[in-house]
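Undergrad: just to be clear, the model below is a prediction. Sequence and coordinates:
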Protein chains: 2
Amino acid sequence: MSGDRRAPVRVGLLGFGTIGTGVAKVLERSADVIGERLGHPLRLVRIADLDTTRDRGIDVSGIRFDSDGGALVADPEVDIVVELIGGTDVARRFVLQAIANGKHVVTANKALLAAHGREVFDAAERKGVDVAFEASVGGGIPILRALREGLAANRILSLHGIINGTTNYILCEMERTGAAFETVLARAQSLGYAELDPSFDIDGIDAAHKLTLLASMAFGAELTSKEVPAEGIRGITPTEFESAGEFGYRIKLLGIAKWRPSESGERIEARVHPTLVPATSLLAKVDGAMNAIAVHGDAVGPTLFYGAGAGEMPTASAVVADLMEIAREIRRGRAGRVAPLSYLPEALRPKPLVPLGEIEARAYLRFTALDRPGVLAKITKLLGDDGIGIESVIQKGRGRGGESVPVVMLTDIAREESIRRALQGIDSLAEVTAPTCLIRIEEDL
Amino acid sequence: MSGDRRAPVRVGLLGFGTIGTGVAKVLERSADVIGERLGHPLRLVRIADLDTTRDRGIDVSGIRFDSDGGALVADPEVDIVVELIGGTDVARRFVLQAIANGKHVVTANKALLAAHGREVFDAAERKGVDVAFEASVGGGIPILRALREGLAANRILSLHGIINGTTNYILCEMERTGAAFETVLARAQSLGYAELDPSFDIDGIDAAHKLTLLASMAFGAELTSKEVPAEGIRGITPTEFESAGEFGYRIKLLGIAKWRPSESGERIEARVHPTLVPATSLLAKVDGAMNAIAVHGDAVGPTLFYGAGAGEMPTASAVVADLMEIAREIRRGRAGRVAPLSYLPEALRPKPLVPLGEIEARAYLRFTALDRPGVLAKITKLLGDDGIGIESVIQKGRGRGGESVPVVMLTDIAREESIRRALQGIDSLAEVTAPTCLIRIEEDL
């Protein structure tokens, strides 16, 4: 690497799919503003992808482009490796090799970091290189920087994020059209908004990966995504939107993390599930594939960060911001300015998760029951036996000829294990013909 | 200053009012998380304020506290000076002295930077110290960091900000209660939400200072607040909220900045004025004294940053974040990591402002006219003569006994100088009894 302060910092791209193409485009189109902010160019010098022939609509002449990822992460002409392969296998190997070779790494790979973050960050610290991953959560929204620096004077109290665009799109479309989940999913797949195997998104796994990173940074917690309970949106029916709307709520798949100190020590909540949010809250206004993260700090109070959570150019915006930050450090001959997870590695500690059963919240319950006299009484009695108060009830229509009807209730604040216990009894009633749908409610947004 | 990496970085506080007290509180309450993020303490070692006796509800024992600001900025025991005096006179002198003495500076003083930013930043660069000012815009919202780093890969296309909490509070209260501006202002003053001399806020001057900083950073523009046209909210009447609501809008005092390239060169828009924003936009949902800044970048697309724009603890959150950033650099023996205005000083250029007359937008017009036959025809003819199309009209009630009535119109997109010309003619009609109220409309939010 040249000592010349005006010499380019050289970038190698591992993976030349949608995001990789976006990164190449941003480096080219924004070359002037990048130069005016850094004082030197960021130059894409090498690309590795298994597909070296497909036309990405971008001129790669002058850039070494082959399928040899191993050679790229060892190339002495490359200062920073951008890992955009995805997954936890090949990506992990290349990232660790790049670090071992003294390369700084920028990645958008939340799955890798949520599973092997500690290994990657430790390797980077030992080697004295930086690992940056703004693009891994919230696409183009600079939320990790906010947690790491902008809000660093705060103890973070809670965090509520719409951090998966596919599920937010599906929920908005279900609400807008009144169509069933399967119908909207199929349409989203045909439009390319959802993957052919959509479970990673719609079962909340992707959101759990992202929440793992957010919660680690917010609370200085050693956390892996396996520990984070995730519930997706498959169980949501059109009834939910209608009833939630009547109660003044909208339904969002949220990643939720809370700081829960007590006399017996510090615990945290971290969970992904569909949530009723007040229709008047800003999170309720986040439509389509957009993302937003509400962060509540003890000094700053409520904040919200909004933007495109995915897509070629927004994600590339975050990748190139990371490249610029690292390039500054390369030119200054340093690394490790800010701890990757906000807290210094030695301050990161395993922090026990509050089990879902101990969470206290109001709940939305949709029962599917035969329309017979006394059913409502049986349900409310079983809830009451577990100390669960009912705040409102909506029954939709009447069941003719022995049909089941949905009955929707909002409970008072209750402990989730009490609700679960009551639902066991309720769901084994002869008149209840399908498992009850439980959606947690978050009020203070 | 000690070379020990664990030794405290020492902070001196110039001005011990509301924000200064908040800074002292955050440094104390967040000492653990600050230490776990930095690896060393931030220690408040000296305070200067003219009032050394008032009880701020905070223990200052062990902190040198007197009224000698000059001694504080020269104190070899102080590494970073926090300037919270406000104003452009004493504050400017102390800030320049602190820099001359090799101190880094953190300030919340938008008025100072909007008027003398170049002088302050140049002095700091020559001396090799940092000047940070996150708290000067948007209170606790880390918006300057977002422009400087998180969105640095983007060419910023536009920026729309609710950046004055007092006026947002007054507008929301006027809308909620239907009361007149003077009534709501008086109430806000008695509650301490507005100053006894409120003109700095309600005439848009404070917002213009903040917009000057935002636009400089967004576009790499040399700009002072004197150049930024500012119009406040004194002319807004209850009719405006009612009519705007019927048209699907809310009224916000916005700071607006846009990049306006053309074949003859680059220009920018920068202006502060009441604005009709679509009721469905996120900005429309920003209530009370909260702030939000919508930033549109060419790669990231639309983003929004929301939080408390003022107040003791939110502002202190931003001040201490700056202290932490500078403390890192002190421990690393460096300064000048990121250019204060995002673009390198040598890349900052004067960029001509587009005159208000050349701005093209739809407009809200409220005429005050006697309810006589033919008045509407005269008004629409004068608008038509200047090529201004009318999209919708609302007339509120009938004027009995020669009373004036408000007539509200939304125009098609028109050049502002055409509208102004038409209004000159309209306002000199015998039937028009008060100057017409013009509010610009911004659609793409």
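TA: That came in fine, so what should we check first? Numbers count the residues shown, from 1 in each chain, chains lettered A, B, ... in the order given.
Undergrad: how about the residues of the stretch 201-350 of chain A by chain B?
TA: Applying C-beta under 8 Å from any C-beta of the partner chain, one finds that the stretch 201-350 of chain A approaches chain B through A:220, A:280, A:282, A:285, A:292, A:297-308, A:311, A:313-314, A:316-321, A:323-325, A:328, A:332, A:334, A:337-339, A:342-344, A:347. Placement of C-beta: from N, CA and C, glycine included.
Undergrad: residue A:83 contacts residue A:106, doesn't it?
TA: Yes - using C-beta atoms under 8 Å, residue A:83 makes contact with residue A:106 at a distance of 7.3 Å.
Undergrad: quick one on the thing from earlier: if any of the residues of the stretch 201-350 of chain A next to chain B are buried, put those into a PyMOL selection.
TA: With 16 or more other C-beta atoms under 10 Å in any protein chain shown as the criterion, this PyMOL line picks the buried residues out of these:
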select buried, chain A and resi 220+282+285+292+297+298+299+300+301+302+303+304+305+306+307+308+311+313+314+316+317+318+319+320+321+323+324+325+328+337+338+339+342+343+344+347
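Undergrad: in helices, which of the residues of the stretch 201-350 of chain A next to chain B fall?
TA: Using DSSP state H, A:313-314, A:316-321, A:323-325, A:328 are the members of those that sit in helices.
Undergrad: now the residues you listed as CSV including distance to residue A:434 and pLDDT?
TA: Formatted as CSV, those follow (distance: C-beta to C-beta, whole Å; pLDDT from 0 to 100):
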residue, distance to residue A:434, pLDDT
A:313, 43, 97
A:314, 40, 97
A:316, 45, 98
A:317, 44, 98
A:318, 42, 98
A:319, 45, 98
A:320, 49, 98
A:321, 48, 98
A:323, 51, 98
A:324, 53, 97
A:325, 51, 97
A:328, 57, 94
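Undergrad: let's have these in CSV, adding distance to residue B:421.
TA: What follows is those, written out as CSV (distance: C-beta to C-beta, whole Å):
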residue, distance to residue B:421
A:313, 41
A:314, 42
A:316, 45
A:317, 42
A:318, 46
A:319, 49
A:320, 46
A:321, 45
A:323, 50
A:324, 47
A:325, 50
A:328, 50
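Undergrad: between these, which is closest to residue A:76?
TA: Nearest to residue A:76 out of these is residue A:323 (C-beta to C-beta; 18.4 Å).
Undergrad: go ahead and confirm that closest one touches residue A:106.
TA: Yes - with contact defined as C-beta under 8 Å, residue A:323 reaches residue A:106; the gap is 5.8 Å.
Undergrad: okay, and the common contacts of the two?
TA: A:80, A:82 (C-beta atoms under 8 Å, 6 or more residues apart in numbering or on different chains).
Undergrad: low-confidence ranges, the stretch 1-150 of chain A, go.
TA: Filtered on pLDDT under 70, the stretch 1-150 of chain A yields the residue ranges A:1-3.
Undergrad: how about residue A:28, what does it touch?
TA: Contacts of residue A:28 (C-beta under 8 Å, 6+ apart): residue A:58.
Undergrad: wasn't it part of a helix?
TA: Yes - Residue A:28 forms part of a helix when assessed by DSSP: H, G, I helix; E, B strand; the rest coil.
Undergrad: and for residue A:296, the neighbour number?
TA: Neighbour count of residue A:296, defined by other C-beta atoms under 10 Å in any protein chain shown: 22.
Undergrad: average pLDDT across the helix or strand hosting residue A:240?
TA: Using DSSP states H and E, the element containing residue A:240 is helix A:238-247. Mean per-residue pLDDT for helix A:238-247: 95.
Undergrad: and that helix, what's buried?
TA: A:238-241, A:243-244, A:247.
Undergrad: show me what counts as buried in the next helix or strand after that helix.
TA: Later in the chain than helix A:238-247, the nearest helix or strand by DSSP H and E is strand A:249-262. Within strand A:249-262, the residues that count as buried by 16+ other C-beta under 10 Å are A:249-260.
Undergrad: can you name the residues bridging to the nearest residue to residue A:362 once chain neighbours are set aside?
TA: Ranked by C-beta to C-beta, 6 or more residues apart in numbering or on different chains and with sequence neighbours excluded, the top spatial neighbour of residue A:362 is residue A:441, at 4.2 Å. Using DSSP bridges, the bridge partners assigned to residue A:441 are residue A:276.
Undergrad: does residue A:441 touch residue A:249 like I think?
TA: Yes - using C-beta under 8 Å, residue A:441 is in contact with residue A:249, at 7.1 Å.
Undergrad: what touches both of those two?
TA: A:276-277, A:364.
Undergrad: most surrounded residue in those residues?
TA: residue A:276 (26 neighbours).
Undergrad: next one: that residue, what pLDDT does it get?
TA: pLDDT, residue A:276: 98.
Undergrad: contacts only, for it.
TA: Contacts of residue A:276 by C-beta under 8 Å, 6+ apart are A:244, A:247, A:249-251, A:364, A:439-442.
Undergrad: cutoff 7 Å now
TA: A:244, A:249, A:251, A:364, A:439, A:441 (C-beta atoms under 7 Å, 6 or more residues apart in numbering or on different chains).
Undergrad: any idea how chain A splits into domains?
TA: Domain assignment of chain A by automatic domain parsing yields the ranges A:9-140+A:312-347, A:143-308, A:357-441.
Undergrad: out of those, which gets nearest to residue B:413?
TA: Among those, domain A:143-308 comes nearest to residue B:413, with 25.6 Å by C-beta to C-beta.
Undergrad: for the stretch 301-445 of chain A, give me the ranges with low pLDDT.
TA: Scanning the stretch 301-445 of chain A with the threshold set as pLDDT under 70 gives A:399, A:401.
Undergrad: and the strands in it, which stretches?
TA: Assigned by DSSP state E, counting those that start in this stretch, the stretch 301-445 of chain A shows strands spanning A:301-308, A:349-350, A:360-361, A:363-370, A:390-395, A:404-411, A:414-415, A:432-441.
Undergrad: dump the ones you listed into JSON lines; add distance to residue B:372 as well.
TA: JSON lines is the format used below for those (distance: least, C-beta to C-beta, whole Å):
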{"stretch": "strand A:301-308", "distance to residue B:372": "49"}
{"stretch": "strand A:349-350", "distance to residue B:372": "78"}
{"stretch": "strand A:360-361", "distance to residue B:372": "61"}
{"stretch": "strand A:363-370", "distance to residue B:372": "58"}
{"stretch": "strand A:390-395", "distance to residue B:372": "54"}
{"stretch": "strand A:404-411", "distance to residue B:372": "56"}
{"stretch": "strand A:414-415", "distance to residue B:372": "65"}
{"stretch": "strand A:432-441", "distance to residue B:372": "57"}
